[in-house]
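Chemist: Take a look and give me a structure for this.
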Amino acid sequence: MPAFRSIVILCTALLATLLMAAACETAPPVQEMSDARQAIAVAREAGAADLAAVELKAAEEFLQSAERKLNERNYPQARRDAMHAKIKALNAIQLSESGKENGTD
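Modeler: Numbering: from 1, shown residues only. This next block holds a predicted model:
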């Protein structure tokens, strides 16, 4: 009987984990969108338009794509694009800061 009880507990835990993972995928990526917007704003303030224009443009394009996917209720793709937007914006910030340190500003 203890083995059966362990299996039931394990299955219950597995089911709970799967439900939580499914809920994350079906919920709008509110935090990811906010993070991406904030990172892009910081990149602009850091001078990325001049010092890291390619990275900033890529970040903005990923954010636009995420917004389109969000409107289509394609939340997994919106989340992915928002995360890429944030990464590109962070790269733009880093490039801007190194450009300033190297005297290109």
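Chemist: any idea of the mean pLDDT in the longest helix along the chain?
Modeler: For the chain, the helix that runs over the most residues, judged by DSSP state H, is helix 75-101. Helix 75-101 shows a mean pLDDT of 94.
Chemist: Return the set of buried residues in that helix.
Modeler: Neighbour counts using 16 or more other CB atoms under 10 Å place 75, 78-93, 95-97, 99 of helix 75-101 among the buried residues. For every residue, glycine as well, the C-beta is placed using N, CA and C.
Chemist: From the contact counts, what lies against it?
Modeler: Packing partners of helix 75-101 (3 or more CB pairs under 8 Å, 6 or more residues apart in numbering; DSSP states H and E): helix 2-26, helix 30-45, helix 48-51, helix 53-71.
Chemist: That helix to helix 53-71, inter-axis angle?
Modeler: Interaxial angle, helix 75-101 versus helix 53-71 (axes from the mean of the first three to the mean of the last three CA atoms, to 10 degrees): 160 degrees.
Chemist: what angle sits between helix 75-101 and helix 30-45?
Modeler: 20 degrees.
Chemist: how far out from the middle of the chain is helix 75-101?
Modeler: Centroid separation between helix 75-101 and its chain, computed with CA atoms, centre = their mean, to the nearest Å, is 9 Å.
Chemist: do the same with stretch 40-56
Modeler: Offset of stretch 40-56 from its chain centre (CA atoms, centre = their mean): 18 Å.
Chemist: got the contact list for the residue nearest the centre of the chain?
Modeler: The residue lying closest to the centre of the chain (CA atoms, centre = their mean) is residue 83, at 2.0 Å. Neighbouring residues of residue 83 by CB atoms under 8 Å, 6 or more residues apart in numbering: 32, 36.
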